[in-house]
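Student: Quick one: sequence and predicted model below, then my questions.
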Amino acid sequence: MLSMTKKLNYLILPDKSLIIEYYNGQFHVDELIEFKIKVSNDKDYNPNFNIIHDFRELEFLLKIEEVSKYVDLISKDNKYIGSRKSTMLTKTPNQVITSIGFDLLKDKLPIQVKVCSTVETALTFIGIPISDWDYIKSMINNVKMLNSI
């Protein structure tokens, strides 16, 4: 069972062309859309930056059909459309199914998606050099500790 704490945090690492997003708690699609808008309004945001979505402490409170509402947001606004790799770190069937649903629905977007169960798999997919893995892993841990935004 996930904690009742709700936390959505992100960290943009411009020098690595990387965005790390951390999700903790139970969320509906509208809350996730609001979070995505907040991230995209950050001065360092770039739609071509790769993204690590850490869903391991998230419970999606949405039906697979609602994923299309999220996909509509990022496919109809040019500020979200970029050529990037997006990894989704998961550990439960709920997270995997929802992530795969996104991958299937985003067919017209120039985003390569991979659902992963380990940070190492995510970093390999994105193309982060092994020499940067410890640094990126520490940043993933740091974004969990930030106050919710």
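Tutor: Thanks, I have it.

Student: Grab the nearest non-local neighbour of Lys114.
Tutor: Excluding its sequence neighbours, the residue lying closest to Lys114 (C-beta to C-beta, 6 or more residues apart in numbering) is Phe125, at 4.5 Å. Every residue, glycine included, has its C-beta placed from N, CA and C.

Student: Is the one you found located within a helix, as I assumed?
Tutor: Yes: under DSSP: H, G, I helix; E, B strand; the rest coil, Phe125 sits within a helix.

Student: looking at it, it is touching Val119, isn't it?
Tutor: No: Phe125 is beyond contact range of Val119, at 10.7 Å (criterion: C-beta atoms under 8 Å).

Student: which neighbours do those two share?
Tutor: When C-beta atoms under 8 Å, 6 or more residues apart in numbering defines a contact, no residue borders Phe125 and Val119 alike.

Student: ok, residues contacting stretch 121-137?
Tutor: With contacts defined as C-beta under 8 Å, 6+ apart, stretch 121-137 is touched by 13, 16, 18, 20, 50, 52, 85, 87, 89, 112, 114, 116, 119-120.

Student: What subset of these is buried?
Tutor: 13, 16, 18, 20, 50, 52, 85, 87, 89, 114, 116, 119 (16 or more other C-beta atoms under 10 Å).

Student: Burial check on Asp134, number of neighbours?
Tutor: By other C-beta atoms under 10 Å, 9 other residues sit near Asp134.

Student: looking at this, it is in a strand?
Tutor: No: counting by three-state DSSP, Asp134 is not part of a strand but helix.

Student: Please determine how far it is located from Tyr22.
Tutor: According to C-beta to C-beta, to the nearest Å, Asp134 and Tyr22 sit 18 Å apart.

Student: Run a quick neighbour tally on Gln26.
Tutor: Per other C-beta under 10 Å, the neighbour tally for Gln26 reads 15.

Student: Just the buried residues of the one helix or strand it maps to, please?
Tutor: With secondary structure defined by DSSP states H and E, Gln26 is part of strand 18-27. Neighbour counts over strand 18-27 (16+ other C-beta under 10 Å) mark 18-25, 27 as buried.

Student: and it, what other elements does it pack with?
Tutor: Based on contacts counted as 3 or more C-beta pairs under 8 Å, 6 or more residues apart in numbering; DSSP states H and E, the elements that strand 18-27 packs against are strand 7-13, helix 29-40, strand 50-60, helix 133-145.
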